[in-house]
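Q: The amino acid sequence is not available; the structure is as follows:
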């Protein structure tokens, strides 16, 4: 009788600060088999983050790494790096991690460090993206998955998903619509990396060995698949 085929699963570390809804989307995709990966550790900079409970429910190791008063960013990140490497992940995913990472940390994990941002980059880097999109009168908004570099929210963008901005939208309603797209987009992009289809080559992205002219953009009415 032939031995069962071994399925190689990419090990993921996920960094969070709060609710952990994108973490849950990743966990669900791993559990369903649509993402050939496993979350090997979840780390939060906040002890009360709900995402830690999500990870614990999925029997994933969790850590709350808190920054004490006066701790330098570089010292925190050095400890964070040691903690991450103890679990030997192949990819590190930022999923609502509300800390700016030091340049040294980012360089160390270059090409393996991803973030999902709630805007169509390069528009609206930083915080309060939905509020700013509404104030600017945007007709479309969305989310972006990008490689993390030393420039805040400035790394090469792999993929984006758009949503319409409705006339009666509030910041809350727009955020909910964007979040729904995030939950589909992030697992897909992570799957591409887990399958070896996406690589960071200098400042350009290779998809199936070919340079991407720009991010893969899923339109307002386009399914993410």
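A: Right, received. Where do you want to start? Please read these numbers as outputs of a predicted model, since none were measured by experiment.
Q: what sits against residue 21?
A: By CB atoms under 8 Å, 6 or more residues apart in numbering, the contact set of residue 21 is 96, 179, 182-183. All C-beta spots, glycine's among them, are computed from the backbone N, C-alpha and C.
Q: export those residues to JSON lines and tack on pLDDT?
A: What follows is the contacts of residue 21, written out as JSON lines (pLDDT from 0 to 100):
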{"residue": "96", "pLDDT": "97"}
{"residue": "179", "pLDDT": "98"}
{"residue": "182", "pLDDT": "98"}
{"residue": "183", "pLDDT": "98"}
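Q: got a winner among those for most neighbours?
A: Counting neighbours by other CB atoms under 10 Å, residue 182 comes out on top of these with 24 neighbours.
Q: and whichever strand or helix holds it, what does it pack onto?
A: Element membership for residue 182, per DSSP states H and E: helix 171-194. Helix 171-194 sits against strand 10-16, helix 21-32, strand 37-44, strand 91-94, strand 113-117, helix 129-135, strand 140-147, strand 157-164, with contacts defined as 3 or more CB pairs under 8 Å, 6 or more residues apart in numbering; DSSP states H and E.
Q: Now that helix: buried residues?
A: Neighbour-count burial for helix 171-194 flags 174-175, 177-179, 181-194 (criterion: 16 or more other CB atoms under 10 Å).
Q: Kindly state the domain boundaries assigned to the chain.
A: 8-109, 116-225 (automatic domain parsing).
Q: Off-centre distance for the first one?
A: Meaning domain 8-109. 10 Å (CA atoms, centre = their mean, to the nearest Å).
Q: end-to-end on it?
A: Start-to-end span of domain 8-109 (CA to CA, to the nearest Å) is 21 Å.
Q: try the last one
A: Using CA to CA, the end-to-end distance of domain 116-225 comes out at 17 Å.
Q: got any ranges where this protein has weak pLDDT?
A: 1-7 (pLDDT under 70).
Q: before we move on, the earlier item: residue 62 is nearest to which of the helices and strands packed on helix 171-194?
A: Relative to residue 62, the nearest member of the helices and strands packed on helix 171-194 by CB to CB is strand 37-44, separated by 5.1 Å.
Q: Give the pairing partners of the closest one; include direction for each.
A: strand 10-16 (parallel), strand 62-64 (parallel) (DSSP bridges).
Q: Following the chain onward from the shortest one, which element is next?
A: Spelled out, that is strand 62-64. Heading C-terminal from strand 62-64 (DSSP H and E), you reach helix 73-86.
Q: Report the beta-bridge partners for the closest residue to residue 93 other than its chain neighbours.
A: Once flanking residues are discounted, residue 93 sits nearest to residue 14: 4.8 Å by CB to CB, 6 or more residues apart in numbering. Beta-bridge pairing of residue 14, defined through DSSP bridges, involves residue 42, residue 93.
Q: hang on, residue 199 packs against residue 206?
A: Yes - between residue 199 and residue 206 there is a contact at 4.7 Å, judged by CB atoms under 8 Å.
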